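> I'll drop the sequence and a predicted model, then ask my questions.
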Amino acid sequence: MNTMSQQFFFNPAFRRYLSLLRNLHELIRGGTDETAAGEALRDSMDQPAENLTAEEVECLNGISADFYSLSSDFEHQVLPKTPTADSFIRDSFNARNVRDYAKSMTLLRKAQDHLELWQLSYVRGSILSEAGEPLAAADFFLKAANLYPQNSNFRFMWLAALAKGSPEAAIAESIRVLQDPSAYAAKFVYKAADIAFAATRHMDTATAMSRTEELIPIFEETILRLQVSGEANEDPGVLAGAISLLGFCYEHVGHSDKALKCFDEGLVMFPENDALRVARGIHLYGTDTERSVADFAEATRLHSVLVWPYLFLAHFSLMKGQVENCLRYSGEALRRSRHVQVTADCLEWIAICQATLGYPPSTVLSTFDEALMLAPDCARIKSNKAYFEQYRMTAEHPSWRQVSTDALRDTGRRSFMPQAA
Amino acid sequence: MPLMYRPMKSDNDQLPVCGSNSKELGVRVPPNENADIDVTETQTVILNRRGMSVAENWRSLPGHLIPKRLTPVFPGATGSNSLSCFRIGEGAFADCNFNDELILVLKPGRTSKGNLAPGREMSVGAFQAALAATREQWQIDES
């Protein structure tokens, strides 16, 4: 059963107030809050505050106190650990594990005097990140990174959180980092290159091609540095991610053979890495589909959190007329999908399977409608729904319009990210 | 008269600033997008329990309403330092008459937040004057 505080981060007024509170603390840190802009910002907080419960107000006031620790002149004296403090820390982690982020933040505050500020900042960032507050999380990760620069993970987490909360700021930061990659830890450069590569999806073809070509030597050097520095031993997923993205870069610029070699070598190093399996699977889909499907199947055996292996296997099953398999894989893909069009595609395939398996027409139409709500302009889904309605009248087998193998592979190549995050 | 608190801008005489801006002794009026009351075309206040926000205790308020100089005692305070926490009255915080002109009404579903609202039909000007007339009864209490 959910506790009351588990619901705080689901309240739009709570989230809105937290976002404005973060902005206000930025002004306070900059010494510019006693201005007309500061007053206007505070006025804008009145409305969300009206819709908060007393408990939510108490929680937000606590987080506000936490924000003060981001100030450069914040003084923090660390006391020796005590059994009580350890107990609060444990309880805080337990609360986070059951997604009671408000309680987790509160319990951590009770032990704050017994933790180094970098530790406190990192844990606060982690809790807020899981609570779906990437910008607030980014502030705390950056504080941890500044206090403890030897740990490259903090700056990595900061950039990852920034990418979620403010993609433009993350791209700008990534461009800055990639101008002098050797000045930064390899893991951080990997994240910057990952963000820069993802940004090419929104560029015209020529610009994207040119940018991808620039990223290839950066990924190559980063992979080498990850191996030499030992960072890869601490976090093998980062190295595997870098290898998979290098493979995609090669593929994007037309070096299919180099891409395959990259994926193959990566899988020799990390045979159990689902992201690399998926990357190679996408690369081979339509050209060596048997091997591609084997990679996707292996990724599902590894319980991949990525949507792609399930989506491709659903597509493959549909093309082969294996509707039960398609239904199962579409359902799995649906659970993992974070893309509107992918979700719509899954729902469409489920509708087709339902139609083929003789589900009641109302069920099939309802599933088609769900898909169309997400992708109202998708001509293919509209057409398949129309086919189904016609099929009901004539009792003839509908001729479904399918997503082509090439189109699906292109979607996978464009949208693949090594981590689900 | 119920005991209630309200953070407001403080004047040189340590009493609240009267006016129709936020954090003043008075209400914001349409077309202000953050208006505290609804009014008719003839500038009469609509009696719908809206009015000037007050609280049972300043410590139950969101931090942006509490002056940030109070962070030693209220660590989440982020309000402007031009504000002070004012107190008035001494009775229980519940729906009741405040004086001949004004009533305290609790906000829906809340026991520690309310509005000081008109007790009878009156113009916006009369309501603002009724609120301003309480000025000398407010005193700073940040304890």
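Great, that's in hand.
> only C-alpha atoms for contact and neighbour calcs from this point on.
OK.
> and the residue in chain A that chain B sits nearest to, what element?
Using C-alpha to the nearest C-alpha, the closest approach of chain A to chain B is made by A:Ala65 at 4.1 Å. Using DSSP states H and E, A:Ala65 maps to helix A:54-68.
> just the CA trace of that helix, in PDB.
Written as PDB, here are the backbone C-alpha positions of helix A:54-68 (Å, rounded to 0.1, in the frame of the first residue of the first chain):
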ATOM      1  CA  ALA A  54       0.500  20.700   5.100                       C
ATOM      2  CA  GLU A  55       2.700  17.600   4.800                       C
ATOM      3  CA  GLU A  56       3.700  18.600   1.200                       C
ATOM      4  CA  VAL A  57       4.600  22.100   2.500                       C
ATOM      5  CA  GLU A  58       6.800  20.600   5.200                       C
ATOM      6  CA  CYS A  59       8.500  18.400   2.700                       C
ATOM      7  CA  LEU A  60       9.200  21.200   0.300                       C
ATOM      8  CA  ASN A  61      10.500  23.400   3.100                       C
ATOM      9  CA  GLY A  62      12.900  20.600   3.900                       C
ATOM     10  CA  ILE A  63      14.100  20.400   0.300                       C
ATOM     11  CA  SER A  64      14.400  24.200   0.400                       C
ATOM     12  CA  ALA A  65      16.800  23.900   3.300                       C
ATOM     13  CA  ASP A  66      18.700  21.200   1.300                       C
ATOM     14  CA  PHE A  67      19.100  23.700  -1.600                       C
ATOM     15  CA  TYR A  68      20.900  26.100   0.700                       C
END
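> other SSEs contacting it?
With contacts defined as 3 or more C-alpha pairs under 8 Å, 6 or more residues apart in numbering or on different chains; DSSP states H and E, helix A:54-68 has these neighbours: helix A:12-30, helix A:101-110.
> and the contacts of the longest one?
By C-alpha atoms under 8 Å, 6 or more residues apart in numbering or on different chains, the list of residues contacting helix A:12-30 from outside reads A:8-9, A:33, A:38, A:41-42, A:45, A:48-49, A:51-52, A:56, A:60, A:64, A:67-68, A:71, A:136, B:64, B:78.
> for chain B, what helix or strand is lowest in average pLDDT?
When each helix and strand of chain B is scored by mean pLDDT, DSSP states H and E, strand B:96-97 comes last, with a mean of 93.
> immediately after that strand, which helix or strand?
The C-terminal neighbour of strand B:96-97 among helices and strands, as given by DSSP H and E, is strand B:102-106.
> roughly how far is the helix or strand following that next one from the heart of the chain?
Note on strand B:102-106: by DSSP H and E, the next helix or strand toward the C-terminus is strand B:113-118. Centroid separation for strand B:113-118 versus its chain: 7 Å, with C-alpha atoms, centre = their mean, to the nearest Å.
> got it, and stretch A:20-27?
25 Å.
> with stretch B:129-143 instead?
Relative to its chain's centre, stretch B:129-143 lies at 9 Å (C-alpha atoms, centre = their mean).
> list of residues touching it?
With contacts defined as C-alpha under 8 Å, 6+ apart, stretch B:129-143 is touched by B:14-16, B:18, B:25-26, B:58, B:84-89, B:101-102.
> now do the end-to-end distance for that stretch.
Distance between the two ends of stretch B:129-143: 29 Å, counting by C-alpha to C-alpha, to the nearest Å.
> mind checking the pLDDT average for that stretch?
Confidence for stretch B:129-143, expressed as mean pLDDT, is 96.
> and A:Phe296, what element?
helix A:289-301.
> what pLDDT does A:Pro418 get?
The model's pLDDT for A:Pro418 equals 64.
> whoops, I mixed them up, B:Met122
96.
> which among the contacts of stretch B:129-143 end up buried?
Among these, those scoring as buried are B:15-16, B:18, B:25-26, B:58, B:84-88, B:101-102 (criterion: 16 or more other C-alpha atoms under 10 Å in any protein chain shown).
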